Every structure is written in C-alpha cells, then in structure tokens.
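[1] need a structure here:
(4 chains)
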Number of protein chains: 2
Amino acid sequence: MSRWEPDARGRLERAALELYGERGFEQTTVAEIAARAGLTERTFFRHFADKREVLFAGAGTLQDLLVSTLASTPDSAAPIDAVAAALEAAGALLQERRDYARQRQAVIAANVDLQERELIKLASLASALAGTLRQRGVRDPAASLAAEAGIAVFRIAFELWVSEASQADLPQLIRESFDELKAVTAGK
Amino acid sequence: MSRWEPDARGRLERAALELYGERGFEQTTVAEIAARAGLTERTFFRHFADKREVLFAGAGTLQDLLVSTLASTPDSAAPIDAVAAALEAAGALLQERRDYARQRQAVIAANVDLQERELIKLASLASALAGTLRQRGVRDPAASLAAEAGIAVFRIAFELWVSEASQADLPQLIRESFDELKAVTAGK
DNA sequence: CAGTCGATGTCAGTTGCTGTCATCACCATA
DNA sequence: TATGGTGATGACAGCAACTGACATCGACTG
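    Next up, the predicted model:
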C-alpha cells in the first residue's frame, strides 16, 4: 500500500473547481482547497504555480492537439483554412467535456483575475499556431494574423456555445464564425 | 502653500516606471515605489488598484478616443473599415508618446503578469468597439468579430512598430496590417 | 538490509493588499 | 475670526498568496 492516496494533482484540481464554484474564486483560500484534497497548502504550490493555474491544467493538451492538427494539414490548404481545421479539432475535444467546460467557464466568467489568465493562455495558443504556420512557409505578418484572427473566431464561437442552452455543435459554430469573419473582412 | 506636493498620482506612475525598468517588476516592492514618490505604500493603493495597474493609467483615455472616433465614422463605411479608422487614430495618439510607449512596452514584455493585464485591457477595448458597432446597427457576431479582428491587427502592428529601430509610422503600419488581414482571410 | 529517492509535511518569512482610525491643511460660512 | 466640514495622507494591524529550507518516511535499488 502506498504512503499517500493517488492522484494528488487531480484531487486538487477537482477540489479547486468545486470550491471556486461554491464560494467564488476570491472567497476560497488555497488552504481550503488543499484541505478538501487531503493535502497541505505547500503541496498545492508544488503542483500549480499559483492559485489560478489549477484551472488551466488542460491547456497544454489543447495546444498540442492544435499544433499537431495544424502541422498535419495538407500544404495545399490556405493558412486561414488550416487554422480553421485545427480549431475545429480543438472544438471537438472541448465538446467531449461539455459539462466540465461549462462549469469551468462559469467560474472564469465570474472573476477578472481568471479571465486574465485565460487570455494569456489563448495568446499562447495563437503564438503556437503562428509558429507552426511559419514552419509551413507562411511569412509574417500573415502567419501571426491568421493565428490571431483564428483565436478571435474561436473565442467568439466558444462563448456562443457555452451560453447557448441548446445542444449546439461547437466545431460547426467555429466553421460558421470563420465564414462570418471572411464576410466581415471582405469589407462587405 | 499646500500641505502636500502636487500630482501624487503622476509621481507614483513615474517612480513605478523607473523602478520597473531599473530592477524589473517583481524585484520592485510597492513600498519602494511609494518611497521614491515621497509617499507611503497605503497611498499607492488609494490611487491604483494593484501593483500592475500603475502602468495602465492611460488605457481609459485610449478607449475613449477609440470609441468616439468609431462613433463619428460615417455609417456608409463598412464595419471593418470603421474599426480600422478608429485604430489608426489610436495609433496616432500612441505615436505622439513614442519614447514613453517603448519604455513601457519593454517593461511589460519582461513580465508575464504585466502581459496578462495588457491583454485584458485590449480585450476591454475590443468589447467597447463591439458595443459601439452594435449601436451603429451591426449585429453579432459580426460586430464582435470586426472588433476582435481589429484589435488583433492593432497588436501585431504595434509590436512591429515598437520593435523596429526605424521611424516607422504606426497608423500606416496599422493600415497595411489590415490589408494583410483582408488578404489572409480571403483564403489567399 | 543499507542507502537513495520522491512526494509530502512543517515552519518561518516576505510581500501584496485591505480595513480602520488619526491627522491636519484647506475652505466655506457664520 | 472662530468653527466645523472635507479630502488627501499617514500609521498600524492583519490576512492570504507564495517561497525557501529542512524533516519525514514509504518505495525502490543494488
């Protein structure tokens, strides 16, 4: 038998999401999260850089999926369409965790500090996409613009998907939003 | 004679920018900033919500300029072009404070917490632009997309302008970046 | 079975940030 | 000129986020 219960990290993540949802982010102390997970405050900070980061553990996975999808898109596709394809794949992944995604987003929407963290994670995704595009031979600023515009589309589609009571399809919302962007930037 | 030296807020802003530049953001304590400004830590927090906010005092002015410029653009202009015009005006304002803008940006580029704050300020600008577009009769998601895409363009042009050793013209860079975006979203 | 290792606990300390009350030049008004 | 209100600041206590240093002890390794 092990000295400690397994999956300390996961227990901390779940405890944090619960408490942030119950009392709000600011009203929750790290000590309380650790206690609910059966650990100490110090151990929390060994697993997560700060009190916010515990909500963003999956960001790395999402970024890897985005990058690998984009990298494996045929070179014949226009940059913006390759980005769209990658974001649709990411959307499909999020859709599998629909309930979790919505619960998490409700917590983030209720606190500005968490929104800041979310924005820099999205900026990191954009940066990764731009880097991958550059490796495919797309030059700047086109690469950065395609990536940033893509992330903007993704944000808007995701907000729509989260707020909708209906069972909308996220990848499809992303596709439609890309079409809207094309219409908008065409000068109409 | 006054009981206190005038412009406490301005003194705090200048002291903070200096110290963040000299030692870096994290290595500077609020007490040090206050001391250099001839004030106390408590007074710092009466003027600024937190240690980061002292670098973003001008954000409100910029947002007002953006919104009023956008609101006064003739309705005949396409949304994306109206946004472009507003951002060019904002670019012209920043260009007047070229040295200050670059010094400030160097400090922000050196610290992730400050980048987070910058991102949420930009998101706030996008939100304000989208709201103004909606008042002009543009529907969502077109309004949000035009605003977010515009801010993305602005970010990229601004980065270019800051990093360039030459005396590039920011409004012109913004205009060119908008053209690039149109080319990119056209699917090439 | 001795020694190492890795995840956790314990504890003390710094700093960002807040609440509360005191101070005192300035100003209006009687 | 006296009086009282106001607003910006100081002084002080306190909480919570985060960090560094060292101790603990089951699991693994040779």
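[2] three-state assignment of residue A:2?
    With DSSP: H, G, I helix; E, B strand; the rest coil as the basis, residue A:2 sits in coil.
[3] residues near it, how many?
    5 (other Cβ atoms under 10 Å in any protein chain shown). The way it works is simple: take the backbone N, C-alpha and C, and place the C-beta from them, glycine included.
[4] please report how far it lies from DNA strand C.
    Distance of residue A:2 to DNA strand C, given as Cβ to the nearest atom of the strand, to the nearest Å: 9 Å.
[5] how close does that residue get to chain B?
    36 Å (Cβ to the nearest Cβ, to the nearest Å).
[6] next one: residue A:154
    Counting by Cβ to the nearest Cβ, the gap from residue A:154 to chain B is 10 Å.
[7] nearest residue to residue A:95 other than its sequence neighbours?
    Closest residue to residue A:95 apart from its sequence neighbours, by Cβ to Cβ, 6 or more residues apart in numbering or on different chains: residue A:170 at 4.7 Å.
[8] so what's the one you found up against?
    By Cβ atoms under 8 Å, 6 or more residues apart in numbering or on different chains, the contact list for residue A:170 reads A:91-92, A:94-95, A:157-158, A:161.
[9] stretch A:98-116 - what's its average pLDDT?
    Here stretch A:98-116 scores 97 as its mean pLDDT.
[10] which residues touch residue A:84?
    A:150, A:153, A:174-175, A:178.
[11] in chain A, spot the helix with the most residues.
    helix A:112-135 (DSSP state H).
[12] for it, packing partners?
    If contacts are counted by 3 or more Cβ pairs under 8 Å, 6 or more residues apart in numbering or on different chains; DSSP states H and E, helix A:112-135 sits against helix A:59-71, helix A:79-96, helix A:98-109, helix A:142-163, helix B:112-135.
[13] so which bits of chain A are right by DNA strand D?
    Within chain A, the residues that sit near DNA strand D (Cβ under 7 Å from any atom of the strand) are A:1-3, A:28-31, A:41-42, A:45, A:49-52.
[14] could you rerun that using 6 Å?
    A:1-3, A:29-31, A:42, A:45, A:50-51 (Cβ under 6 Å from any atom of the strand).
[15] what's around the residue in chain A positioned nearest to DNA strand C, how many residues?
    Closest to DNA strand C within chain A is residue A:8: 3.0 Å, counting by Cβ to the nearest atom of the strand. Using other Cβ under 10 Å, residue A:8 is surrounded by 17 other residues.
[16] burial of residue A:157, as a residue count?
    26.
[17] you'd agree residue A:140 is up against residue A:134?
    Yes - counting by Cβ atoms under 8 Å, residue A:134 is a contact partner of residue A:140 at 6.9 Å.
[18] follow-up on the earlier one: quick check: angle from the longest helix of chain A to helix A:79-96?
    Here helix A:112-135 runs at an angle of 140 degrees relative to helix A:79-96 (axes from the mean of the first three to the mean of the last three Cα atoms, to 10 degrees).
[19] middle-most residue in chain A, spatially?
    residue A:59 (5.3 Å; Cα atoms, centre = their mean).
[20] isn't it right up against residue A:120?
    No - applying Cβ under 8 Å as the test, residue A:59 and residue A:120 come out as separate, 9.9 Å apart.
[21] who in chain A is up against DNA strand C?
    When proximity is defined by Cβ under 6 Å from any atom of the strand, chain A lies next to DNA strand C at A:4, A:8, A:39-40, A:42-43, A:46.
[22] quick one: which of those has the most company?
    Result: residue A:39 is most packed of these (other Cβ under 10 Å), 20 neighbours.
[23] residue A:110 contacts residue A:27, doesn't it?
    No - Residue A:110 is not in contact with residue A:27 according to Cβ under 8 Å; the separation is 10.7 Å.
[24] what about these two, which has more around it?
    Neighbours per residue (other Cβ under 10 Å) separate residue A:110 from residue A:27, with residue A:110 holding more: 14 against 10.
[25] quick one: residues contacting the more buried one.
    With Cβ under 8 Å, 6+ apart, residue A:110 has these contacts: A:24-25.
[26] change it to 10 Å
    By Cβ atoms under 10 Å, 6 or more residues apart in numbering or on different chains, the residues touching residue A:110 are A:20-21, A:24-26.
[27] next: residue A:135.
    A:67, A:70-71, A:143.
[28] same question, residue A:61
    Residue A:61 makes contacts with A:90, A:93, as judged by Cβ under 10 Å, 6+ apart.
[29] remind me which residues of chain A are low pLDDT?
    A:1, A:188 (pLDDT under 70).
[30] can you dump the C-alpha coordinates of the longest helix of chain A into PDB?
    Output of helix A:112-135 as PDB, limited to C-alpha atoms (Å, rounded to 0.1, in the frame of the first residue of the first chain):
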ATOM      1  CA  VAL A 112     -11.300  39.100 -13.600                       C
ATOM      2  CA  ASP A 113      -8.000  37.500 -12.500                       C
ATOM      3  CA  LEU A 114      -9.100  34.200 -14.000                       C
ATOM      4  CA  GLN A 115     -10.100  36.000 -17.200                       C
ATOM      5  CA  GLU A 116      -6.600  37.400 -17.400                       C
ATOM      6  CA  ARG A 117      -5.100  34.000 -17.100                       C
ATOM      7  CA  GLU A 118      -7.400  32.700 -19.800                       C
ATOM      8  CA  LEU A 119      -6.400  35.400 -22.200                       C
ATOM      9  CA  ILE A 120      -2.700  34.700 -21.900                       C
ATOM     10  CA  LYS A 121      -3.400  31.000 -22.400                       C
ATOM     11  CA  LEU A 122      -5.200  31.900 -25.600                       C
ATOM     12  CA  ALA A 123      -2.400  34.200 -26.600                       C
ATOM     13  CA  SER A 124      -0.100  31.300 -26.100                       C
ATOM     14  CA  LEU A 125      -2.200  29.200 -28.400                       C
ATOM     15  CA  ALA A 126      -2.100  31.900 -31.000                       C
ATOM     16  CA  SER A 127       1.700  32.100 -30.700                       C
ATOM     17  CA  ALA A 128       2.000  28.400 -31.100                       C
ATOM     18  CA  LEU A 129      -0.300  28.400 -34.200                       C
ATOM     19  CA  ALA A 130       1.700  31.200 -35.700                       C
ATOM     20  CA  GLY A 131       5.000  29.400 -35.200                       C
ATOM     21  CA  THR A 132       3.600  26.300 -36.800                       C
ATOM     22  CA  LEU A 133       2.400  28.300 -39.800                       C
ATOM     23  CA  ARG A 134       5.900  29.800 -40.200                       C
ATOM     24  CA  GLN A 135       7.300  26.300 -40.300                       C
END
